[in-house]
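**Q** With the input below, show me the fold.
(one chain, ligands or ions: 2)
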Amino acid sequence: MTEIPNINLNNGVHIPQLGFGTFQIKPADTVEAVQRAFDAGYRHIDTAQMYGNEKEVGQAIAQSALDPTDVFVTTKLNNNKHSRDDALASFDTSLKDLGLERVDLFLIHWPLPAVGNFVDTWRAMEEIYQSGRARSIGVSNFQAHHIGRLLAETTIPPAVNQIELHPYLVQSELHAYNDEHGIATQAWSPIAKGLVLDDPTIVTVALAHNKSAAQVVLRWQIQLGNIVFPKSATPARIQENTAIFDFELDDSEMSMISSLDRGQRTGPDPDTFNYVP
Ligand SMILES: NC(=O)C1=CN([C@@H]2O[C@H](COP(=O)(O)OP(=O)(O)OC[C@H]3O[C@@H](n4cnc5c(N)ncnc54)[C@H](OP(=O)(O)O)[C@@H]3O)[C@@H](O)[C@H]2O)C=CC1
Ligand SMILES: O=C(O)C(=O)[C@@H](O)[C@H](O)C(=O)CO
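**A** Ligands and ions are numbered 1, 2, ... in the order given. The predicted structure follows:
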């Protein structure tokens with residue numbers, strides 16, 4: 001079984017650096033996919049209220065032979081739950097659906113600048129953290145100026161910032177800002193939903209290591225210090241994406257991949273995304 005390293009969050013909680021993403025895994029397929037991930041050695045699952053599969057993630061944990069405390073579970077507050085009361089109530093529903101007494105990490109999914117209340121939402125997250133039912137709290141899709149407001153106006157700094165990050169969107173400045181403030185960077189869409197896998201530079205590095213393009217990109221993420229959770233519903237790929245701890249990219253390969261940056265998002269821009277279901 002693959003040995004997955006941990007990252008130490010700013011409140012002392014340890015998170016496995018490689019996890020399993022569940023966006024767009026249909027509820028009917030989720031139990032099997034998460035079970036396969038456990039069999040492959042993953043002990044960190046990333047879900048969200050928005051994904052509609054928390055119940056099935058919970059079922060997979062319950063049906064496994066694992067102690068639930070050995071699985072690191074992240075979920076995220078949906079965009080229509082930003083008010084304090086909705087945040088608290090929806091968190092209770094997440095725990096119930098997941099069948100857990102606490103989660104390891106609870107995130108505000110999007111800042112929703114036009115909605116304009118993410119600082120108050122963060123105060124609700126602080127209440128949840130202080131209740132002990134989320135071992136850590138963080139944000140997702142926050143720009144530096146959003147985080148700056150949390151640091152200035154609230155008490156608990158986010159443990160993580162989960163952002164879109166891959167070779168075509170390297171996010172060096174935001175990454176440096178997170179580092180400077182003790183906030184771990186989580187890279188969502190770590191292989192850009194497959195978009196970067198045909199890139200000639202990545203293919204060349206992959207051939208040199210006898211690895212797949214996806215493994216090389218995930219290895220680049222790990223060496224940058226990012227926490228990643230590639231999604232796959234394909235059994236062979238679930239396994240393949242764990243085999244990234246038996247080789248190393250040198251400085252020149254790391255730079256070649258980082259230099260592919262072209263500021264290209266595959267998802268929404270957090271400064272303009274204000275979708276509320
Ligand atoms: N906070 C946020 O706003 C967001 C968070 N996320 C989180 O990040 C996770 C990962 O991001 P996601 O958008 O899913 O994108 P990924 O970068 O993980 O790419 C997933 C896609 O790549 C394919 N794939 C996976 N592994 C391989 C491989 N080894 N070789 C070739 N193709 C492969 C999958 O296909 P297949 O399944 O068919 O194998 C799927 O189509 C999500 O599942 C979610 O947990 C994602 C988006 C936004
Ligand atoms: O997957 C997520 O976590 C997301 O937030 C995305 O689905 C995002 O909302 C999106 O891509 C909307 O088009």
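**Q** does the closest residue to M256 other than its chain neighbours sit in a helix or strand, and which one?
**A** Distances taken as CB to CB, 6 or more residues apart in numbering place T201 nearest to M256, at 5.4 Å, with adjacent residues excluded. C-betas here are computed from N, CA, C, even on glycine. Here T201, judged by DSSP states H and E, is contained in helix 200-209.
**Q** from the protein, which residue is nearest to ligand 1?
**A** Closest approach between the chain and ligand 1, counting by CB to the nearest ligand atom: G21, at 2.5 Å.
**Q** how much space between that residue and A33?
**A** From G21 over to A33 the distance is 10 Å, taken as CB to CB, to the nearest Å.
**Q** Same question for P270.
**A** For P270, the distance to A33 - CB to CB - is 27 Å.
**Q** Over to A134?
**A** In terms of CB to CB, A134 sits 24 Å off from A33.
**Q** Then F91?
**A** From F91 to A33 the distance is 24 Å (CB to CB).
**Q** before we move on, what about L174?
**A** 30 Å.
**Q** next one: G116
**A** G116 is 36 Å from A33, by CB to CB.
**Q** If you count surrounding residues, which of those two has more?
**A** A33 (23 against 11; other CB atoms under 10 Å).
**Q** The more buried one touches Q24, doesn't it?
**A** No - counting by CB atoms under 8 Å, A33 does not reach Q24; the two are 10.7 Å apart.
**Q** Report pLDDT for the residue of the chain most remote from its centre.
**A** Centroid-distance maximum for the chain: A208 at 28.8 Å, with CA atoms, centre = their mean. As predicted, A208 sits at a pLDDT of 98.
**Q** what number of residues lie near the nearest residue to it once chain neighbours are set aside?
**A** What sits nearest to A208 in space, not counting adjacent residues and going by CB to CB, 6+ apart, is E253, at 7.7 Å. Residues lying near E253 (other CB under 10 Å) number 20.
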